[in-house]
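Chemist: turn this into a structure:
(one chain, ligands or ions: 1)
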Amino acid sequence: MVKVINAIQPYNENCPSQYSCWLDFWEKRTGKPATYCRNCGKYTTDLCGGHVQKVEQRSDGKWYRLPGLYITPICYECNNPENSKIFNVDEKDLVRIP
Ligand SMILES: [Zn+2]
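Modeler: From the prediction side, this is the model:
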């Protein structure tokens, strides 16, 4: 498991043109359906491809965002840049944005 947080840095909302949305991008790249929110754990069809960043804890005890954006399934409730909860995601459930 890796620790991630919702992205706050500006990012391109548009997914690559061969996909209908970021969730479609995630499902096709991982080859599996998105069934639950990786942030709150809720099983729902109300999901989108959320932008997240990995975080790491440094020696000062604070968490720092690492460069690089990834997509993971997140429910609409959790998909808010103000949601600064750090959560655990299986590395295999993170798809790097090209
Ligand atoms: Zn959620």
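Chemist: C-alpha from now on. contacts and neighbour counts both.
Modeler: Noted.
Chemist: which ones are touching residue 26?
Modeler: Residues near residue 26 by CA atoms under 8 Å, 6 or more residues apart in numbering: 49, 71-73, 95.
Chemist: how about the secondary structure of it?
Modeler: Secondary structure assignment for residue 26 (DSSP: H, G, I helix; E, B strand; the rest coil): helix.
Chemist: burial of the residue nearest to residue 42 when sequence neighbours are not counted, as a residue count?
Modeler: Leaving out its chain neighbours, the residue that sits closest to residue 42 by CA to CA, 6 or more residues apart in numbering is residue 36, at 5.4 Å. By the criterion of other CA atoms under 10 Å, residue 36 has 17 neighbours.
Chemist: next one: residue 79
Modeler: Residue 79 has 20 nearby residues by other CA under 10 Å.
Chemist: got it, and the one 3 residues further on?
Modeler: Residues lying near residue 82 (other CA under 10 Å) number 10.
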